[in-house]
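*Asks:* sequence-free structure coming up:
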């Protein structure tokens with residue numbers, strides 16, 4: 001029995017040590033294990049970069065989706081969301097790295113109460129994006145003005161490198177230069193793009209009337225000219241409390257008809273508006289009086305009416321409209 005057992009062990013040892021038996025030597029097994037270890041170590045080393053790349057792509061998609069969510073909100077509400085509304089408006093307020101998205105926006109476009117002209121009546125927005133090649137941003141590669149809002153992800157370094165203007169951008173209403181660096185994932189929407197998304201049509205501000213009523217010498221005359229759109233003045237400078245515009249009339253009115261904006265500085269056109277001294281601030285422009293019965297009051301008077309809004313403290317950035325009118329005074333019957 002002992003001899004048979006010895007023969008059995010000897011047979012198995014022969015299978016391990018001889019190639020012809022179909023087994024592997026210990027050296028060969030060691031080499032296989034070394035190769036497997038190298039492959040595994042290479043794979044583990046690739047996992048980190050591949051994971052970052054995937055999350056970077058996901059973060060870009062999240063930022064793009066957030067932009068479309070804000071655009072959709074604006075289309076339905078005539079305004080963009082504020083800081084609080086942003087987190088509930090977008091599907092995912094965090095990027096794929098788990099960091100909160102930064103949302104900076106023009107506060108004029110996110111009031112508590114919006115009107116149809118909150119977006120469509122605006123001519124300018126308060127944010128300017130500067131795309132910067134380096135930290136100094138002495139020479140931006142491009143500058144985009146009138147930006148309505150910007151959404152930023154800190155990307156794979158988890159840090160907001162973009163500046164507003166000297167410190168890292170943080171969520172909130174903002175006015176000024178946003179210095180954007182390519183280390184971040186950033187998307188922005190200009191006011192013109194937002195107006196298109198919302199479906200704004202026509203000019204931001206326009207004079208509604210197309211003609212003035214006829215007058216008769218010796219008879220009371222009353223014409224009201226109104227405007228629509230734009231960003232109104234809210235202080236109620238006239239007797240009512242309705243939002244106001246500023247008005248000016250150029251040309252000569254008939255004897256007996258009062259110019260409600262007499263003494264206003266008349267521009268050559270809206271394009272040259274630089275001084276609104278003497279302009280009447282009122283909801284409407286009311287032209288009233290009683291044309292005198294003298295022959296000089298009869299006839300046709302060509303006048304031009306100007307109106308501008310409160311879009312900006314700079315007159316070059318306000319909305320302005322002008323329209324020529326004919327005021328006809330007929331003789332008494």
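*Replies:* Received it, and whenever you're ready, just let me know what you need. This structure is a prediction, so every number in the text was calculated from the model and none was measured. Numbering: from 1, shown residues only.

*Asks:* residue boundaries of the helices in the stretch 1-150 of the chain?
*Replies:* 2-17, 26-77, 83-89, 117-120 (DSSP state H, counting those that start in this stretch).

*Asks:* what helices or strands is the third one leaning on?
*Replies:* Using 3 or more Cβ pairs under 8 Å, 6 or more residues apart in numbering; DSSP states H and E as the contact criterion, the secondary-structure elements in contact with helix 83-89 are helix 26-77, strand 102-105. (Each C-beta comes from the backbone N, C-alpha and C, glycine too.)

*Asks:* In terms of residue numbering, what are the domains of this structure?
*Replies:* Each structural domain of the chain that the record assigns through automatic domain parsing is listed here as a residue range: 47-198, 205-330.

*Asks:* closest to residue 41 out of these?
*Replies:* Using Cβ to Cβ as the measure, domain 47-198 is the one of these that comes nearest residue 41, at 11.0 Å.

*Asks:* circling back: any chance of the domains of the chain in TSV, with mean neighbour count, distance to residue 39 and mean pLDDT too?
*Replies:* As requested, these are exported to TSV (neighbours: other Cβ atoms under 10 Å; distance: least, Cβ to Cβ, whole Å; pLDDT from 0 to 100):
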stretch	mean neighbour count	distance to residue 39	mean pLDDT
domain 47-198	17	13	93
domain 205-330	17	64	93
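
*Asks:* Quick one: closest of those to residue 38.
*Replies:* When those are ranked by proximity to residue 38, the top entry is domain 47-198, at 15.4 Å, counting by Cβ to Cβ.

*Asks:* rewinding a little: can you put the domains of the chain in CSV and add distance to residue 34?
*Replies:* Listed next are these as CSV, based on distance: least, Cβ to Cβ, whole Å:
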stretch, distance to residue 34
domain 47-198, 21
domain 205-330, 72
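
*Asks:* which stretch among those domains comes nearest residue 29?
*Replies:* When the domains of the chain are compared by Cβ to Cβ, domain 47-198 sits nearest residue 29, at 27.2 Å.

*Asks:* From the chain's centroid, how far away is the closest one?
*Replies:* Relative to its parent chain, domain 47-198 has a centroid offset of 8 Å by Cα atoms, centre = their mean, to the nearest Å.

*Asks:* Over to stretch 323-333?
*Replies:* How far stretch 323-333 lies from its chain's middle: 45 Å, per Cα atoms, centre = their mean.

*Asks:* Not counting its own residues, what contacts it?
*Replies:* Taking Cβ atoms under 8 Å, 6 or more residues apart in numbering as the criterion, the residues outside stretch 323-333 that touch it are 207, 209-212, 214-219, 223, 253-254, 257, 287, 291, 293, 297-305.

*Asks:* I'd like the helices and strands packed on helix 83-89 as JSON lines, with distance to residue 119 appended.
*Replies:* Compiled in JSON lines, the helices and strands packed on helix 83-89 are given as follows (distance: least, Cβ to Cβ, whole Å):
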{"stretch": "helix 26-77", "distance to residue 119": "6"}
{"stretch": "strand 102-105", "distance to residue 119": "12"}
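
*Asks:* To residue 112, which of those lies closest?
*Replies:* Counting by Cβ to Cβ, residue 112 lies closest to helix 26-77 out of those; the figure is 11.5 Å.

*Asks:* Centre-most residue in the chain?
*Replies:* Taking Cα atoms, centre = their mean as the criterion, residue 148 is the residue nearest the geometric centre of the chain, at 1.7 Å.

*Asks:* thinking residue 115 is in contact with residue 109, fair?
*Replies:* No: with contacts counted by Cβ atoms under 8 Å, residue 115 stays clear of residue 109, the gap being 11.9 Å.

*Asks:* All the helices of the stretch 151-300 of the chain, residue numbers only.
*Replies:* For the stretch 151-300 of the chain, helices defined by DSSP H, counting those that start in this stretch occupy the ranges 191-198.

*Asks:* just checking, residue 148 touches residue 128?
*Replies:* No: applying Cβ under 8 Å as the test, residue 148 and residue 128 come out as separate, 11.6 Å apart.

*Asks:* Enumerate every residue touching residue 181.
*Replies:* Shown here is residue 181, whose contacts under the criterion Cβ under 8 Å, 6+ apart are 132, 135, 161-163.

*Asks:* From those, pick the one nearest residue 93.
*Replies:* Of all the contacts of residue 181, residue 162 has the smallest distance to residue 93: 17.8 Å, by Cβ to Cβ.

*Asks:* what separates that closest one from residue 130, distance-wise?
*Replies:* When Cβ to Cβ, to the nearest Å is applied, the distance between residue 162 and residue 130 equals 10 Å.

*Asks:* try residue 177
*Replies:* Here the distance between residue 177 and residue 130 works out to 5 Å (Cβ to Cβ).
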